[in-house]
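1. sequence plus predicted model, see below.
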Amino acid sequence: MKKEILLLGNPELYKKSEEISFNDLPEIKKIIQDLHDTLIDFRDKYQAGRAIAAPQIGYKKRLIYMHIDKPTVFINPTLIFPENKSMVVMDDCMSFPNLLVKVKRYKKAVIKYKDLEWKDQKMNLEGDLSELLQHEYDHLDGILATMRAIDNKSFFVKELVR
């Protein structure tokens, strides 16, 4: 079921999420459907949206749902940065759909996580995918892109950028 996305300024967005336990899996499957429905609804409205973190719909667990070519679920993810090379990107977010924020992200990352069968998985990330999952991972720790802005002049209304 489509859920309301918490918007910038909502204090719930700034709280750290809890780890998911194996016993949470039945509940997680329902949350994944909610994340899917919410992401698809957002895409229909804004023609954007590749992933969503559970805290964005008020669910305080370490869960990310990504749907690019196919759905991918990241349970209790951890990020590792194999090198120090960074890139500057214009970051957007479902929690502030009309705002872009200039931030620095690592060019490469490795994400380790559990899948829905509770098996350990690992994915190497580069470029856009690296940036995307760093953004979503930040949500799990209560960090928004606005908090990672390069400086106080790094905010742009989307209509002005197009």
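-> Ah, there it is. Numbers count the residues shown, from 1 in each chain.

2. in this structure, which spans are helices?
-> 25-46, 127-140, 158-161 (DSSP state H).

3. nearest to F81, of these?
-> Distance to F81, taken as Cβ to Cβ, is lowest for helix 127-140 among those, at 8.9 Å. Where you see a C-beta, it was placed from the backbone N, CA and C, and this is true even at glycine.

4. buried residues in the closest one?
-> Of the residues in helix 127-140, those with enough neighbours to count as buried (16 or more other Cβ atoms under 10 Å) are L129, S130, E131, L132, L133, Q134, H135, E136, Y137, D138, H139, L140.

5. and stretch 141-161, by the same measure?
-> Under the neighbour-count criterion of 16+ other Cβ under 10 Å, stretch 141-161 has G142, I143, L144, A145, T146, R148, A149, S154 buried.

6. was I right about the fourth one contacting D91?
-> Read it as A145. Yes: A145 lies in contact with D91 (Cβ atoms under 8 Å); the separation is 4.1 Å.

7. need the overlap of contacts for the two.
-> The contact sets of A145 and D91 overlap at V101, V103, H135 (Cβ atoms under 8 Å, 6 or more residues apart in numbering).

8. so what's the first one bridging to?
-> This points to V101. D91, F155 (DSSP bridges).

9. which residues does it contact?
-> V101 sits next to M90, D91, D92, C93, A145, T146, R148, A149, S154, F155, F156 when contact means Cβ under 8 Å, 6+ apart.

10. ok, the shared contacts of A145 and D91 vs I32, which is closest?
-> H135 (18.9 Å).

11. so the residue positioned nearest the centre of the chain versus K112, what's the distance?
-> Nearest to the mean C-alpha position of the chain, counting by Cα atoms, centre = their mean, stands E136 at 1.9 Å. Taking Cβ to Cβ, to the nearest Å as the criterion, E136 is separated from K112 by 14 Å.

12. and for L6?
-> 27 Å.

13. these two: which is more packed in?
-> L6 (17 against 14; other Cβ atoms under 10 Å).

14. contact partners of stretch 108-117?
-> So stretch 108-117 is contacted by 20, 25, 28-29, 32, 73-83, 85, 120-126, 130, 133-134, 137 (Cβ under 8 Å, 6+ apart).

15. out of these, list just those in strands.
-> 73-80, 120-126 (DSSP state E).

16. please spell out the ChimeraX selection for the buried subset of the residues you listed.
-> Burial among these is assessed by 16+ other Cβ under 10 Å; the matching ChimeraX selection reads:
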select :73,74,75,76,77,79,125
